[in-house]
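A.B. asks: Predicted structure and sequence below. I'll ask about it afterward.
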Amino acid sequence: MIENYVDADEAARLLKVHPETVKRLIRRKHLPATKVGNKWMIEREKLLVFGATYDRRRGRARLLI
């Protein structure tokens, strides 16, 4: 089950953004995640769907989930 999740750092590598950007997307509810201990965990499938629609340009985050 844990293999279906990635942390914020891995999500940042997959999205090609800074890890703080991923955390900002989570805080703004653009990217669904669960806090486990002191780490944000994101379901891999939801991240891939989000990544397919995410525009990395400033102010362009969208969520289609």
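C.D. replies: Sure, I can see it.

A.B. asks: quick one: Ala11 from Ile26, how far?
C.D. replies: 9 Å (CB to CB, to the nearest Å). (C-beta placed from N, C-alpha, C; glycine too.)

A.B. asks: out of these two, which sits in the busier spot?
C.D. replies: Ala11 (26 against 18; other CB atoms under 10 Å).

A.B. asks: Pretty sure the more buried one sits against Val22.
C.D. replies: Yes - here Ala11 reaches Val22: they are 4.8 Å apart, a contact under CB atoms under 8 Å.

A.B. asks: Overlap in contacts, these two.
C.D. replies: Here Ala11 and Val22 share the contacting residues 31, 42, scored by CB atoms under 8 Å, 6 or more residues apart in numbering.

A.B. asks: For the chain, give the strand that spans the most residues.
C.D. replies: strand 39-43 (DSSP state E).

A.B. asks: Figure out how far that strand is from the centre of its chain.
C.D. replies: From the chain centre to the centre of strand 39-43 is a distance of 8 Å (CA atoms, centre = their mean, to the nearest Å).

A.B. asks: Check stretch 38-50 too.
C.D. replies: Worked out by CA atoms, centre = their mean, stretch 38-50 lies 5 Å from the chain centre.

A.B. asks: Now do Thr53, the pLDDT please.
C.D. replies: pLDDT recorded at Thr53 is 87.

A.B. asks: That one and Lys35, how far apart?
C.D. replies: For Thr53, the distance to Lys35 - CB to CB - is 24 Å.

A.B. asks: what about the residue nearest to Gly51 when sequence neighbours are not counted, neighbour count?
C.D. replies: Once flanking residues are discounted, Gly51 sits nearest to Leu15: 5.4 Å by CB to CB, 6 or more residues apart in numbering. Counted with other CB under 10 Å, residues neighbouring Leu15 total 19.

A.B. asks: backbone phi and psi for Leu15, please?
C.D. replies: Dihedral pair for Leu15: phi -90, psi -10, per degrees, to the nearest 10.
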